[in-house]
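A.B. asks: Predicted model and sequence below, questions to follow.
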Amino acid sequence: MVFSTLPLIAAEAAINYNGEVVNVKGNFPIVGAKAPVARVTEPDFSIKTIGGKSERVQVIATVPSIDTPICSAQSKRFDDEIKQFDGVDMTVVSMDLPYADDRFCKGHGIKNISIASDFAYREVGENYGVIVTDGELKGLLIRAVFVIGKNGRVVYQEIVPNVGDEPDFKKIMQAIKTASSHN
């Protein structure tokens, strides 16, 4: 079973930020598509590869900045909720520097998810089509979630249309549960 909130396949899309429309460039991997492989930098500056085939179900959540209240609350909630799933690798990705990611993880007791940065390679932004191309947020990532089955295919994607809103946790957890039981 696959889930999707917005079957986006356009090369460019627009989202809402504080009542203004901002453009996003890239190709969103749609449900059923191969999840692109991307490198991110972890808080200790090691490189983690996400996307593609894996021995575990993967969840990639992108956020504008871990230092904002909504992104922080979303990441803390994911850390709390993901522990119910064995064998799931979740990574929250922003353009924040690894120093900020490390401070966030230590300050909030993050233990069940990875917090990583796309600043060095920018592969998540480009490969997943989640990078803002104009306005105040230019160069940052939008709020989006991709659940990837062990076979490397996207089983759920959510592009949050308003940067100030959180994703649909209930649908995401259901997609993780379904992906975990079918792969």
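C.D. replies: Yes, it's here. Quick caveat, the model's predicted, so the values are computed rather than measured. Numbering: from 1, shown residues only.
A.B. asks: partner residues bridging the residue nearest to the spatial centre of the chain?
C.D. replies: With distances taken as Cα atoms, centre = their mean, Ala61 lies nearest the centre of the chain, 1.6 Å away. Beta-bridge partners for Ala61, by DSSP bridges, are Val92, Val145.
A.B. asks: need the next SSE after the least confident helix or strand in the chain by mean pLDDT, C-terminal direction.
C.D. replies: None of the helices or strands of the chain scores lower by mean pLDDT, DSSP states H and E than strand 12-17, at a mean of 76. The first helix or strand that comes after strand 12-17 along the chain, using DSSP states H and E, is strand 20-25.
A.B. asks: Output the contacting helices and strands for the helix or strand hosting Ala179.
C.D. replies: Assessed by DSSP H and E, Ala179 sits inside helix 169-182. Counting contacts by 3 or more Cβ pairs under 8 Å, 6 or more residues apart in numbering; DSSP states H and E, helix 169-182 packs against strand 57-62, helix 69-82, strand 144-148, strand 154-159. In short, each C-beta sits where N, CA and C put it, glycine included.
A.B. asks: Thanks a lot, see you next time.
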